Structures are given as C-alpha cells and as structure tokens.
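S.K.: Here's my sequence, what's the structure:
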Amino acid sequence: MVHLQDLELTLRSSAGPVEILRGLDAEIARGETVSVVGPSGSGKTSMIMVIAGLERASGGHVEVAGQDLAALDEDGLALFRRQKVGIVFQAFHLVPTMTALENVAVPLELAGRGDAFDRAEASLRQVGLGHRLDHYPGQLSGGEQQRVALARAFAPEPDLLLADEPTGNLDGETGATVIDLLFDLRAHHGTTLLLITHDPELAARCGRQIHLVDGRIVAPQPTVALRAGGAP
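M.R.: A predicted model of the protein is given here:
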C-alpha cells in the first residue's frame, strides 16, 4: 500500500535549507494499522504530508496504492487523494458555512458521485450523527465535529486513512469515543491506517509502530527494568 525508499524532504527557511526527513525506508501493507511516534519536530506530520501528496519529496521514491507520486502533477495528486486517501487532522477543517451533510458530501461531489448526498447521510449515520445532518459546525461539539470529519474521510471508501493526532483537540473521554469509532470504521471498510500520536496506549492499538527521531526511522529503545531502589 505504501512504499517509501530513501525518502528525503528539505525545506527552505530564512536561515537556509532545513532537512526534515532523512532517507526514510518503510513498507506498509494493505490493511495494516501502523502508528507513527516520536518527539515533536521529528518529522511525523511531514511524513504523512508527503504520503498524501500534499508535500513534494525532495528525493527518494514514494509509491502509494501502486501510484508513483513523483509522476503526478498537482491535478493528478488531487485526483489521487480524492480516490485513494482519507485524512483526519487534529483540527477538524470543516467548512463553517456548510451543514454536516454538505461537509461530507463535498468530496463525493468532486469525485463525480451521483449519490453524494445519500452516501454522505449514510456515513454520518455510521458515526451516530443522523440527527445532526442539517447542523453547522458551530452548532456541534468538538467530538461531534471530529465525527463529521471521520464521516467525510471514510465516505469515499479510501484505501488509506491518514490520521494526525485526531484527538488532540478533545478531552479524554470524548477522544476515546472518537478513537473507538475510528478503529471500528477502519475494520468495517478494511482501510489501511497510518496514525500519528503521542499517546503510547493509542499507538499500541495499532499492529506495529514506526519510531521517528530527527527525521529518521529508528529502532524503539528497550525499556530497562529497575531493581528495587531504582538501580538498573
């Protein structure tokens, strides 16, 4: 599903070029659930931005769902995302002047689906918001807004879902509900999941973990057991 070979990303800044990703090699199989963990600034978000085609790699090879992303122009990348990738961010990114139903239907309409609104309604009912179809984001709680975002991401039935700290703006109880829903939807659709999180318990719910440090994939550090008294 995802093939990264010697992936590099260098961005320009006022102080000169900044190396964000430094020679990443990774394989993610269809249907896998993989968490991406690491300290802030390690390149986690940049990694999924490249995988989504929202950021161009500076070097290396990026292939997603059989598509070489370097071979696509901007229109091709937009079509690729529309057909293959769902994205859920920490911020909900809902259009405030559109109802929940309209927010979910928009990507389906852009994909040319004649059943866009029927599919959007079914997706919102899947996340328990059948009674909120005509409500605007400002009329919804944070948890409800993220459920709309989940419905929007899953409605086109993407091959790959990218989730970047999807509970970062939610309280613990609401976040747990949203995560349970995300994993339920992923299982129902058979979607490959790549999840960024700082939460060790959430990371452990995925089949495996990718550890990023300073733009590189590293082996996880073993936990050192302590003897009584705190000495190793």
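S.K.: For the helix ranked longest in the chain, which helices and strands make contact with it?
M.R.: Longest helix of the chain, by residue count under DSSP state H: helix 172-189. Applying 3 or more C-beta pairs under 8 Å, 6 or more residues apart in numbering; DSSP states H and E, one finds that helix 172-189 contacts helix 142-154, strand 160-164, strand 192-196. For the C-beta atoms, the positions are set from N, CA and C on the backbone; glycine is no exception.
S.K.: redo that, cut-off 6 Å
M.R.: Helix 172-189 is packed against helix 142-154, with contacts defined by 3 or more C-beta pairs under 6 Å, 6 or more residues apart in numbering; DSSP states H and E.
S.K.: what does the helix it packs on contact?
M.R.: Here helix 142-154 makes contact (C-beta atoms under 6 Å, 6 or more residues apart in numbering) with 86, 88, 92, 94, 100, 103-104, 123-124, 127, 129, 137, 169-170, 174, 178, 185.
S.K.: quick revisit: list the buried ones in the longest helix of the chain?
M.R.: By 16 or more other C-beta atoms under 10 Å, the buried positions in helix 172-189 come out as 174-175, 177-179, 181-183, 185-186.
S.K.: Please render the residues you listed as a markdown table that adds pLDDT to the earlier fields.
M.R.: Below are the buried residues of helix 172-189 laid out as a markdown table (pLDDT from 0 to 100):
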| residue | pLDDT |
| --- | --- |
| T174 | 93 |
| G175 | 93 |
| T177 | 94 |
| V178 | 94 |
| I179 | 96 |
| L181 | 96 |
| L182 | 96 |
| F183 | 97 |
| L185 | 96 |
| R186 | 96 |
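S.K.: and those residues, which two are the farthest apart?
M.R.: With C-beta to C-beta as the measure, no two of the buried residues of helix 172-189 lie farther apart than T174 and R186, at 18.8 Å.
S.K.: which intervals of this structure have sub-threshold pLDDT?
M.R.: 221-232 (pLDDT under 70).
S.K.: And the strands in it?
M.R.: 2-13, 16-28, 33-37, 59-64, 67-68, 85-88, 160-164, 192-196, 208-213, 216-218 (DSSP state E).
S.K.: want to try TSV for those strands, with distance to I48 and mean neighbour count as columns?
M.R.: Listed next are the strands of the chain as TSV, based on distance: least, C-beta to C-beta, whole Å; neighbours: other C-beta atoms under 10 Å:
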stretch	distance to I48	mean neighbour count
strand 2-13	10	16
strand 16-28	11	16
strand 33-37	7	22
strand 59-64	11	18
strand 67-68	16	14
strand 85-88	8	24
strand 160-164	5	24
strand 192-196	6	24
strand 208-213	11	17
strand 216-218	14	16
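S.K.: Can you convert the ones you listed into a markdown table and add a column each for distance to T45?
M.R.: Below are the strands of the chain laid out as a markdown table (distance: least, C-beta to C-beta, whole Å):
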| stretch | distance to T45 |
| --- | --- |
| strand 2-13 | 11 |
| strand 16-28 | 10 |
| strand 33-37 | 9 |
| strand 59-64 | 15 |
| strand 67-68 | 21 |
| strand 85-88 | 11 |
| strand 160-164 | 6 |
| strand 192-196 | 6 |
| strand 208-213 | 10 |
| strand 216-218 | 15 |
